[in-house]
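> Everything below, folded, please.
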Amino acid sequence: MQEVTIYSDGACKGNPGPGGWGALLVAGTSEKELFGGERGTTNNRMELTAVIEALRALKRPCRIQVYTDSQYVQKGISEWLPGWKARGWKTADKKPVKNADLWQSLDVEAARHQVSWHWVRGHNGHPGNERADALANRGVASLAA
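Numbering: from 1, shown residues only. Below you'll find the predicted structure:
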């Protein structure tokens, strides 16, 4: 099974506002950069979209290390998701889960792989995270083109 490292990030100019997502996929000596943007979105939606799009780009099951600076993504997928699913996509206080559409997509994409989730501090000099951040900002900039 191929091993892949994913660095993902989201950016938003205003929250909500124009946003971008970026992901760097590394497999051995190969790298692939992905990015995109959306108008009228939130930072959390862009953080989730970055990981979803990175996982979608992989055409066969892989062993993956995902690095994100979003505790929302890391804790959501690692800690909160099972409870949300068990409660029919409701939070512990019975409110609808925010961004449930993206969480459901992430759940489907992640299930195709063996994924380990890692949180890294953002804007702290981590090379993979800094590249993902630059890609997310390219996603925002692409909206102006």
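> Quick one: the helices in the chain, in order.
Assigned by DSSP state H, the chain shows helices spanning 43-56, 71-75, 81-86, 100-111, 127-142.
> Same list (these) but as CSV, adding mean neighbour count, mean pLDDT and distance to residue 19.
For the C-beta atoms, the positions are set from N, CA and C on the backbone; glycine is no exception. Shown next, in CSV, are those (neighbours: other C-beta atoms under 10 Å; pLDDT from 0 to 100; distance: least, C-beta to C-beta, whole Å):
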stretch, mean neighbour count, mean pLDDT, distance to residue 19
helix 43-56, 24, 98, 4
helix 71-75, 17, 97, 14
helix 81-86, 14, 96, 22
helix 100-111, 16, 97, 12
helix 127-142, 20, 96, 6
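> could these go into TSV alongside distance to residue 10?
Formatted as TSV, these follow (distance: least, C-beta to C-beta, whole Å):
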stretch	distance to residue 10
helix 43-56	3
helix 71-75	9
helix 81-86	18
helix 100-111	11
helix 127-142	5
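> hang on, residue 119 packs against residue 72?
No: using C-beta atoms under 8 Å, residue 119 makes no contact with residue 72, being 10.0 Å away.
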